[in-house]
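Visitor: Coordinates only, no sequence provided:
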């Protein structure tokens with residue numbers, strides 16, 4: 001895909017993307033070196049998927065995607081939803097006894 005046709009990421013999108021990548025890396029390191037607990041793996045993969053979704057689609061909605069010159073990426077949308085589900089499952093495993 002030609003990256004010059006994609007719209008530039010806004011400041012909020014860049015911030016969320018950077019935070020998602022950092023949190024994903026921290027959870028991956030925590031998984032590898034601190035007991036290999038399932039909630040760390042789920043959080044790492046979930047934040048990575050959400051970061052991918054935000055990178056591909058930004059914070060656009062269906063209506064904004066229909067008006068934009070570049071349509072929303074459906075694979076990134078499903079990755080974002082799967083990432084949210086994995087992060088919520090990670091929080092449930094971590095904090096619910």
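Guide: Received it, and whenever you're ready, just let me know what you need. Fair warning: this is a prediction, and the values are worked out from it, not measured in the lab. Numbering: from 1, shown residues only.

Visitor: Tell me which other helices or strands the helix or strand harbouring residue 84 touches.
Guide: Assigned by DSSP states H and E, residue 84 belongs to helix 74-95. Judged by 3 or more C-beta pairs under 8 Å, 6 or more residues apart in numbering; DSSP states H and E, the packing partners of helix 74-95 are helix 38-57. From N, CA and C alone the C-beta is placed, and that goes for glycine too.

Visitor: Let me know the angle separating the helix it packs on from helix 74-95.
Guide: 150 degrees (axes from the mean of the first three to the mean of the last three C-alpha atoms, to 10 degrees).

Visitor: Report the buried residues of helix 38-57.
Guide: 39-57 (16 or more other C-beta atoms under 10 Å).

Visitor: same deal with stretch 17-29?
Guide: Per 16+ other C-beta under 10 Å, stretch 17-29 contains these buried residues: 17, 20-21, 23-24, 27-28.

Visitor: Kindly provide the whole-number mean pLDDT of it.
Guide: Averaging pLDDT along stretch 17-29 gives 95.

Visitor: can you list contacts of stretch 73-85?
Guide: Stretch 73-85 is contacted from outside by 45-57, using C-beta atoms under 8 Å, 6 or more residues apart in numbering.

Visitor: try 10 Å
Guide: Outside stretch 73-85, the residues that touch it by C-beta atoms under 10 Å, 6 or more residues apart in numbering are 1, 6, 20, 24, 42-43, 45-58, 60, 62, 65.

Visitor: Okay, residue 23 and residue 13: tell me how far apart.
Guide: Here residue 23 is placed at a distance of 16 Å from residue 13 (C-beta to C-beta, to the nearest Å).
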